[in-house]
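Participant: Take a look and give me a structure for this.
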Amino acid sequence: MIGSCDNCDSVRIAYVDGKCSDCCGIGMREHGDQVEYAPHDMGIGGGDYISFAYCLDCGRIQGTFPLPKTEIEGAKDEA
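Facilitator: A predicted model of the protein is given here:
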């Protein structure tokens, strides 16, 4: 478990876990929408599962950011 927020040091951290059975919707402004498995490279879980923590005070998703270019971004750039 995360002790305190990466951004504001609050201890009000909420944990989100869910199973989406290949029906995860992800949208990015310039890269459109996809509905399939949760992406492994966006910091929110992967495959059939969504799992992340966020701060209830500042709203920041916990983890190491920025992330490298995602598969969704790369797939759009190659088209």
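Participant: burial of residue 65, as a residue count?
Facilitator: 10 (other C-beta atoms under 10 Å). In this view, the C-beta of every residue, glycine as well, is placed from N, C-alpha and C.
Participant: Spit out the contact partners of the nearest residue to it once chain neighbours are set aside.
Facilitator: Spatial nearest neighbour of residue 65, excluding adjacent residues (C-beta to C-beta, 6 or more residues apart in numbering): residue 43 at 7.1 Å. Residue 43 is in contact with 52, 61, 63, 65, 67, counting by C-beta atoms under 8 Å, 6 or more residues apart in numbering.
Participant: Which of these fall within strands?
Facilitator: residue 52 (DSSP state E).
Participant: For PyMOL, what selects the buried ones among the contacts of residue 43?
Facilitator: Of these, the buried ones can be selected in PyMOL as follows, counting by 16 or more other C-beta atoms under 10 Å:
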select buried, resi 52
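Participant: Let me know the closest of the contacts of residue 43 to residue 25.
Facilitator: Proximity of the contacts of residue 43 to residue 25 (C-beta to C-beta) peaks at residue 52, which lies at 15.4 Å.
Participant: beta partners of the closest one?
Facilitator: residue 16 (DSSP bridges).
Participant: Any chance of the backbone angles for the closest residue to residue 60 other than its chain neighbours?
Facilitator: Nearest residue to residue 60, sequence neighbours excluded (C-beta to C-beta, 6+ apart): residue 7, at 4.2 Å. As for residue 7, its main-chain torsions (degrees, to the nearest 10) stand at phi -100, psi -50.
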